[in-house]
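A.B. asks: build the 3D model from these lines:
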Amino acid sequence: MTPIRILRLAALVTAAGLSAPSGPSAADTPQRLPYATALVVRWGEGAGSDAFRDDLERSAAESLATKCFDDVVVATDAQARPTQLTLTVELSDVLDETRYDGSIASTLQPEGPAEVNSMAEFMVTVDARLTVTATGAYVTGKRFRAHSVMRPMFVGEDAQEVARAHSIRDAVVDLAKGLGCGKAKLDKSIREAMKSGGGEPLPR
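C.D. replies: Predicted coordinates:
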């Protein structure tokens with residue numbers, strides 16, 4: 001077989017694979033629930049920086065608006081927009097530090113790449129609680145830790161910033177999983193909480 005025919009055959013195989021239904025069906029695709037949800041992210045004991053809180057809040061709002069609820073508003077906007085649910089995320093017990101493999105004297109040598117011999121660690125406890133806004137009735141909750149350890153891959157890389165970013169990414173993923181986003185069980189829990197607490201769900 002000539003090289004040209006081999007290339008053509010490979011192209012046909014690739015095209016056939018792309019046209020075949022290999023992804024999840026519509027029934028398996030997570031569905032957002034028709035609730036407006038206020039997102040409150042705050043520090044508890046052992047607080048860290050406001051910049052980290054703001055970054056996690058922004059990332060969580062974007063993720064939840066894609067995977068969980070039709071409308072997600074942060075606390076600063078929630079006062080002007082009515083919501084059926086409130087998701088309170090409390091962050092606490094933060095660990096944010098960089099440790100060096102060598103002695104302090106060796107890390108201060110200007111000619112040596114000290115940061116390459118360092119390890120950045122970031123850890124934070126996340127306590128999430130979903131409630132009905134009008135009554136405070138409890139829907140569901142999740143408590144977990146987001147933890148990341150990073151070593152610089154090259155001289156000049158800010159491993160501590162990377163560790164914080166990875167912790168935010170993991171926290172947002174675990175938050176959606178912990179709430180049960182995209183699952184019918186979450187919708188059932190919300191409706192039961194609204195009924196018991198006097199609230200009313202949005203029409204489906």
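
A.B. asks: quick check, central residue of this protein?
C.D. replies: By Cα atoms, centre = their mean, the chain has its centre lying nearest to residue 172, at 1.1 Å.

A.B. asks: model confidence for it, exactly?
C.D. replies: pLDDT, residue 172: 97.

A.B. asks: which helix is the longest one in the protein?
C.D. replies: Assignment by DSSP state H gives helix 159-179 as the longest helix of the chain.

A.B. asks: what is the rounded mean pLDDT of the strand or helix carrying residue 66?
C.D. replies: Assigned by DSSP states H and E, residue 66 falls within helix 50-67. Computed over helix 50-67, the mean pLDDT rounds to 96.

A.B. asks: kindly export it (C-alpha atoms) in CSV.
C.D. replies: Taking C-alpha atoms only, helix 50-67 is exported to CSV below (Å, rounded to 0.1, in the frame of the first residue of the first chain):
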residue,chain,number,x,y,z
ASP,A,50,-9.4,38.3,50.5
ALA,A,51,-7.9,37.8,47.1
PHE,A,52,-8.1,34.0,47.5
ARG,A,53,-11.7,34.3,48.7
ASP,A,54,-12.7,36.5,45.8
ASP,A,55,-11.1,34.1,43.3
LEU,A,56,-12.8,31.1,44.8
GLU,A,57,-16.2,32.9,44.9
ARG,A,58,-15.9,33.9,41.2
SER,A,59,-14.9,30.4,40.1
ALA,A,60,-17.6,28.7,42.1
ALA,A,61,-20.3,31.1,40.8
GLU,A,62,-19.3,30.3,37.2
SER,A,63,-19.1,26.6,37.8
LEU,A,64,-22.5,26.3,39.6
ALA,A,65,-24.2,28.4,37.0
THR,A,66,-23.1,25.9,34.4
LYS,A,67,-23.6,22.6,36.3
